[in-house]
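>>> Please work out how this folds:
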Amino acid sequence: TNPDGSAAAGRQMFGVTLEAPFNLVGGLATGDRNVLSGHDWYGVNIVTPEAYGNRIVGNWVGLNAAGDQALPNNVSGVALDGDSSANWIQNNVLGPAPGGALLLAATAFNSVTGNLIGTDSTGTRLLPGHATVLSGGSLINRIGGEDPSERNIAAGGLEIGFWWASDIVLGNYIGTDVTG
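Numbers count the residues shown, from 1 in each chain. You can find the predicted model right below:
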């Protein structure tokens, strides 16, 4: 984005691409947050079998820095592909993108918990656009959990099984906001 996070700043293919293990992108403190928006392809791209054990935490992907308007990446917000595995996507705000806010393709054993998907940063307002979680060609990814802190708010819905998929989906609010 531009320096104040309000608009895309020159087009780049990806915000962050991970091809190695055990990276941390973001964090739980506000100052650790990245705004990964307005890219030609993905805000975060985790690709290759060597990309495992990575943590994407507390970022705003596909939103402006204020967290109140969509600033989509042109394909998907976060993409896990290329046989990447055992990555954590936690406590992010994932705005809409034409190819879905989150794409899980040819990936396994990932954890997607505590995210706001398709809403503003408060989780109360649906942002316009395609804000689904898409999963296909994937195996045993956990989307949500039994504890309320693991719940994803998937305002735009989930699409599991394009191609094929065998994921675990539990405890999420789907098609609604944080109030359920």
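>>> Low-confidence ranges, this protein, go.
10-11, 160-165 (pLDDT under 70).
>>> Would you state the helices of it in chain order?
Counting by DSSP state H, the chain has no helices to list.
>>> Would you quantify the distance from the closest residue to Ser121 other than its chain neighbours to Asn141?
Nearest residue to Ser121 in three dimensions, chain neighbours excluded: Gly67, at 2.9 Å (C-beta to C-beta, 6 or more residues apart in numbering). Every C-beta, even on glycine, is put in place using the N, C-alpha and C of the backbone. Distance of Gly67 to Asn141, given as C-beta to C-beta, to the nearest Å: 26 Å.
>>> Please say which of those two ends up with more neighbours.
Legend: neighbour count by other C-beta atoms under 10 Å for Gly67 and Asn141, higher for Asn141 (24 against 17).
>>> I'd guessed the more buried one sits against Ala105; true?
No: in this structure Asn141 lies outside contact range of Ala105 using C-beta atoms under 8 Å: 10.5 Å.
>>> Now do the shared contacts for these two.
Taking C-beta atoms under 8 Å, 6 or more residues apart in numbering as the contact rule, Asn141 and Ala105 both touch Ser135.
>>> Arg55: neighbouring residues, count only.
Neighbours of Arg55 (other C-beta under 10 Å): 16.
>>> Look up the residues forming beta bridges with it.
Beta-bridge partners for Arg55, by DSSP bridges, are Leu24, Trp88.
>>> Contacts only, for it.
Residues in contact with Arg55 (C-beta under 8 Å, 6+ apart) are Asn23, Leu24, Val25, Gly26, Asn87, Trp88, Gln90.
>>> Next: Ala86.
Taking C-beta under 8 Å, 6+ apart as the test, what Ala86 contacts is Tyr52, Gly53, Ala108, Phe109, Asn110.
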